[in-house]
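[1] I'd like to go over a predicted model; first the sequence, then the structure.
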Amino acid sequence: MNRLSSEKYIGYVFVAPWIVGFLIFTVHPIGYSLLMSFFRVTFTATGISMDATGFANFRSAMMDIEFIRKAMDFSIQSLISIPLIVILALVIALLLNLPIKGQGVFRTIFFLPVIISSGPVIDKLMDMGVMTLPTLSQYGFYHALLVSDFFLVNVLAYVLNNIIVLLWFSGVQILIFLAALQKMAPQIYEAARIDGASLWEIFWKITLPNLSSIILVNIVYTTVVYAQSTLNGVIELISSHMFKTQTGFGYASALAWIYFLLVALILAFLSGIFMIFNKKSFRG
């Protein structure tokens, strides 16, 4: 018992720096931003002045047409982009898991965007026009798609115009899927092939059920990363209000907390849809 107790306390000692850092650099700023959302924050010669306004900042935010418009755009884009990013990452991971030559090179290529995906780099690439498929608008099928009566025409047009961006966000998810695929026992696949299962049946009945928890992890990760992206107009709007004399940190904090609740709702919706699909399709 004494040895177990000493090991427990040694473990606490090693974890303590992370706990202290988390409390100082994460919990404290989050709590302080929530506090500022109920105040009008201005900078004076003597420091920061905070005047209590109650829920005025939140009421103003709910009537901010620009914020509402960008929040709606973000919600629609998230509900389209996040599932597509996870699906693309799964498909690419399945391909990279095949025994092909140059496997490590291809994995490096797909992970490179994660290394260089800083805000200025993405903005520069977008200005150069390399984030969309080149000369896409010159093809006849693209114009035929835009003028068609298909009810998903706007979704398909959005995907075609942003396919490079979707691939750009899928690097970490690909590695997570690859790690999960490589841990699956090959004996299971051999037994399924001996029993006469087709490739589609193996994928649907063995691979996907075993990846269900990993898919949920990637949905959560993709939602958080996509919500924090510099390509997000809501983030840009919140940042612009921080140093305005008319609004300031108080109003920006209120916008940030409303945005946080919106992201939480999107995450809950996507996770709930997947869990229902998982229960009916994989385990039903």
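    It's in. Numbering: from 1, shown residues only.
[2] remind me which residues of the protein are low pLDDT?
    Counting by pLDDT under 70, the chain contains low-confidence residues at 1-4, 45, 103, 112-161, 281-284.
[3] any idea how many residues pack against Ile87?
    The number of residues packed near Ile87 is 14, by other CB atoms under 10 Å. To be clear about C-beta, it is placed using only N, CA and C from the backbone, and glycine gets the same treatment.
[4] okay, and it sits in which element?
    Secondary structure from DSSP states H and E places Ile87 in helix 65-96.
[5] buried residues, that helix. List them.
    Across helix 65-96, burial judged by 16 or more other CB atoms under 10 Å covers 67, 70-71, 74-75, 77-78, 80-82, 84-86, 88-90, 92-94, 96.
[6] and for stretch 208-217?
    Residues of stretch 208-217 classed as buried: 210-212, 214-217 (neighbour count, 16+ other CB under 10 Å).
[7] and for stretch 218-226?
    Going by neighbour count (16+ other CB under 10 Å), the buried part of stretch 218-226 is 218-219, 221-223, 225-226.
[8] show me those residues that map onto helices.
    If you go by DSSP state H, the buried residues of stretch 218-226 have 218-219, 221-223, 225-226 in helices.
[9] can I get the buried residues of stretch 218-226 in CSV including distance to Ser60?
    Converted to CSV, the buried residues of stretch 218-226 look like this (distance: CB to CB, whole Å):
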residue, distance to Ser60
Asn218, 36
Ile219, 33
Tyr221, 33
Thr222, 31
Thr223, 27
Val225, 29
Tyr226, 27
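[10] tell me the one among the residues you listed nearest to Thr247.
    Taking CB to CB as the measure, Thr247 sits nearest to Tyr226 out of the buried residues of stretch 218-226, at 25.5 Å.
[11] just the strands in this protein please.
    Assigned by DSSP state E, the strands in the chain fall at 39-44, 47-52.
[12] roughly how far does Ser60 sit from Phe274?
    As defined by CB to CB, to the nearest Å, Ser60 lies at a distance of 35 Å from Phe274.
[13] go on, Val13?
    Noted for Val13: a distance of 39 Å to Phe274, by CB to CB.
[14] neighbour count winner among these two?
    Each of Val13 and Phe274 has its neighbours counted (other CB under 10 Å); Phe274 has more, 16 against 8.
[15] contacts only, for the more buried one.
    By CB atoms under 8 Å, 6 or more residues apart in numbering, Phe274 lies in contact with 215-216, 219.
[16] make JSON lines from the residues you listed and add distance to Gln246 to it.
    Listed next are these as JSON lines, based on distance: CB to CB, whole Å:
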{"residue": "Ile215", "distance to Gln246": "44"}
{"residue": "Leu216", "distance to Gln246": "42"}
{"residue": "Ile219", "distance to Gln246": "38"}
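[17] roughly how far apart are the closest residue in space to Ala197 that isn't next to it in sequence and Ser198?
    Excluding the flanking residues, the one nearest Ala197 by CB to CB, 6 or more residues apart in numbering is Lys205, at 7.2 Å. To Ser198, Lys205 is 10 Å away according to CB to CB.
[18] with neighbour numbers in mind, choose between the two.
    Taking other CB under 10 Å, Lys205 and Ser198 do not tie; Lys205 has more neighbours (14 against 11).
[19] that one reaches Asp195, doesn't it?
    No - using CB atoms under 8 Å, Lys205 makes no contact with Asp195, being 10.8 Å away.
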